[in-house]
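A.B. asks: Okay, sequence plus prediction incoming.
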Amino acid sequence: MFKKIVLTFAGLALFLVVVFVVWLQYGTRYNQIEVWQANWAFETPPEQRTTTVFEHVGRDPDQYVIVEYSAEAVEELRGRNTWHSAGVPGAVQAHVASFQSLMKELHSQESQVLEEQFRNHPVPSHERLLYLTRTKEDGSRMLAVLDAENRRLYVMEVFF
């Protein structure tokens, strides 16, 4: 009888430890919507799919992601933020090139990988793009480029 009680409590304790570890791993993590809101006051609706092109985790979590939205979510995204119109095909590319150079400079050991990733996942260049930038006092920056026609958002973040 005593053995049965001990095994029951041991099983319950193990179950509680597993639940706690899972909660620590997943329950306390911010999702991307919350992170962009907290870091950049950049509001986004729920996405359909996110592709992480590049992510450098750690104290300065630099990243480049491509987010896909539904048509309704794209309209919501357009309304939630103040966007600049690209106007001419090359207007956004100067911002993109600046971010790419900065990422390659900060992560020089991964420069070749970054170059390949940027080549394989380019930000489009046409006059119908919308974009916005954010800069913090420490120099950290974010660039978001919205291609509403293809329902994609391209986001590059660099932290200092």
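C.D. replies: Okay, I see it.

A.B. asks: Just the pLDDT at the residue nearest to E47 when sequence neighbours are not counted, thanks.
C.D. replies: Leaving aside its sequence neighbours, E47 sits nearest to V67 (C-beta to C-beta, 6 or more residues apart in numbering; 4.7 Å). Quick note: C-beta positions are derived from backbone N, CA and C, even for glycine. Looking at V67, its pLDDT is 96.

A.B. asks: cool, the one 10 residues further on as well?
C.D. replies: The score at L77 is 94. That number is its pLDDT.

A.B. asks: Can you get me a residue count around it?
C.D. replies: 23 (other C-beta atoms under 10 Å).

A.B. asks: then the helix or strand hosting it to PDB, C-alphas only?
C.D. replies: For L77, the host element (DSSP states H and E) is helix 71-80. What follows is helix 71-80, C-alpha atoms only, in PDB (Å, rounded to 0.1, in the frame of the first residue of the first chain):
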ATOM      1  CA  ALA A  71      -6.100  39.900 -47.900                       C
ATOM      2  CA  GLU A  72      -8.200  41.100 -45.000                       C
ATOM      3  CA  ALA A  73      -5.100  41.100 -42.700                       C
ATOM      4  CA  VAL A  74      -3.100  43.200 -45.200                       C
ATOM      5  CA  GLU A  75      -5.900  45.800 -45.200                       C
ATOM      6  CA  GLU A  76      -5.800  45.800 -41.400                       C
ATOM      7  CA  LEU A  77      -2.000  46.100 -41.400                       C
ATOM      8  CA  ARG A  78      -2.200  49.100 -43.800                       C
ATOM      9  CA  GLY A  79      -4.600  50.800 -41.500                       C
ATOM     10  CA  ARG A  80      -2.800  50.200 -38.200                       C
END
